[in-house]
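Trainee: Model the following, please.
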Amino acid sequence: MPKRGKKYLEAAKKIDRKRLYSPEEAIKLVKETAYTNFDATVELHMRLSVDPRHADQQVRGTVVLPHGLGKTVRVLVFAQGDGARLAREAGADYVAEDDELVKKIQQGWTDFDVAIATPDMMGKIGRLGRVLGPRGLMPSPKAGTLVQVEDIPRAVKEAKAGRVEFRVDKGANLHVPLGKVSFTEKQLYDNMAVVMEAVKKARPAAAKGAYIRRVALAPTMGPGVRVDPNQAQAMEPVE
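Mentor: Predicted structure coming up:
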């Protein structure tokens, strides 16, 4: 076990490690026990009853958080002609329509949070896999970032509004950001409810038994709060 700091230990005292809290109680506790000097991110962690080694048990999807993530999302779009124009009009921070930005990325530049592309640009993007892949920035249909020209405005706006991608890791866990500690309890609840609904809908047919085994909330660098999985799955997304 790593040695914990004084602030962490003081915060952890407020949490009953053996108890499963309701989503509302957990959100309140996370806000109370966040101790960083910056506006920490609140993260949702889940353990699923799937075996990620099998292709038919992958869990992946995207969801637009109703209250966003509380941060500025920098969007880069790979597109030409009308696509490039639509991207700029939609508020993209960078538009890669020639080789200049592609070369810059090849050299390691990744000062953006989301990369969107049209299918005709994938030939150029293919050689960027070594840079974009490990950072989770490679455009793909499943992530909603490989789109037709006419869908560029929607994709840019959703990315800016707070669209997040979730993907099960090798340990059958999901880690999804929900927003900032400074958000209201209702904003965090709404965001969490939408993520829970999306994860339930992404359940693979091959998943056996109780699909969502464990749920926890935690602020950046703060102690985790265990959430009752049944109550978490019963959350009602905001209309």
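Trainee: pretty sure residue 167 is in contact with residue 60, am I right?
Mentor: Yes: the pair residue 167 and residue 60 qualifies as a contact (C-beta atoms under 8 Å) at a distance of 4.5 Å. All C-beta atoms are positioned from the backbone trio N, CA, C, and that covers glycine.
Trainee: which one of those two has more residues nearby?
Mentor: residue 167 (17 against 14; other C-beta atoms under 10 Å).
Trainee: buried set for the lengthiest helix in the chain?
Mentor: Ranked by number of residues, the top helix in the chain under DSSP state H is helix 185-201. For helix 185-201, burial by neighbour count (16 or more other C-beta atoms under 10 Å) applies to 187, 188, 189, 190, 191, 192, 193, 194, 195, 196, 198, 199.
Trainee: Next: stretch 142-161.
Mentor: Of all the residues in stretch 142-161, those buried under the rule 16+ other C-beta under 10 Å are 143-147, 149, 151-153, 155-156, 158-160.
Trainee: do the same with stretch 35-48
Mentor: In stretch 35-48, counting by 16+ other C-beta under 10 Å, buried: 35, 40, 41, 42, 43, 44, 45, 46, 47, 48.
Trainee: Next up, the contacts around the residue in the chain sticking out farthest from the centre.
Mentor: Residue distances from the centre of the chain (C-alpha atoms, centre = their mean) peak at residue 81, which lies 30.4 Å from the mean C-alpha position. Contact criterion C-beta atoms under 8 Å, 6 or more residues apart in numbering gives residue 97 as the residues in contact with residue 81.
Trainee: how about a cut-off of 6 Å?
Mentor: Contacts for residue 81 (C-beta atoms under 6 Å, 6 or more residues apart in numbering) come out as none.
Trainee: now the strands for the protein?
Mentor: In the chain, the segments counted as strands under DSSP state E are 41-48, 60-64, 75-78, 94-96, 114-117, 163-167, 173-180, 212-219, 225-227.
Trainee: okay, those strands in TSV with mean pLDDT and distance to residue 127 next?
Mentor: Supplementary listing: those in TSV, determined by pLDDT from 0 to 100; distance: least, C-beta to C-beta, whole Å:
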stretch	mean pLDDT	distance to residue 127
strand 41-48	95	32
strand 60-64	88	24
strand 75-78	96	12
strand 94-96	95	13
strand 114-117	94	13
strand 163-167	87	23
strand 173-180	93	29
strand 212-219	94	38
strand 225-227	94	43
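Trainee: Please tabulate these in JSON lines, including the columns distance to residue 17.
Mentor: Shown next, in JSON lines, are these (distance: least, C-beta to C-beta, whole Å):
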{"stretch": "strand 41-48", "distance to residue 17": "15"}
{"stretch": "strand 60-64", "distance to residue 17": "29"}
{"stretch": "strand 75-78", "distance to residue 17": "40"}
{"stretch": "strand 94-96", "distance to residue 17": "45"}
{"stretch": "strand 114-117", "distance to residue 17": "36"}
{"stretch": "strand 163-167", "distance to residue 17": "26"}
{"stretch": "strand 173-180", "distance to residue 17": "19"}
{"stretch": "strand 212-219", "distance to residue 17": "11"}
{"stretch": "strand 225-227", "distance to residue 17": "7"}
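Trainee: out of the ones you listed, nearest to residue 139?
Mentor: Minimum separation from residue 139 across these (C-beta to C-beta) falls at strand 114-117, 3.9 Å.
Trainee: Need the residues that contact the closest one.
Mentor: With contacts defined as C-beta under 6 Å, 6+ apart, strand 114-117 is touched by 75, 76, 77, 78, 125, 137, 139, 145, 146, 155, 159.
Trainee: Now the two most distant members of these.
Mentor: Taking C-beta to C-beta as the measure, these span a maximum distance of 16.5 Å, between 125 and 159.
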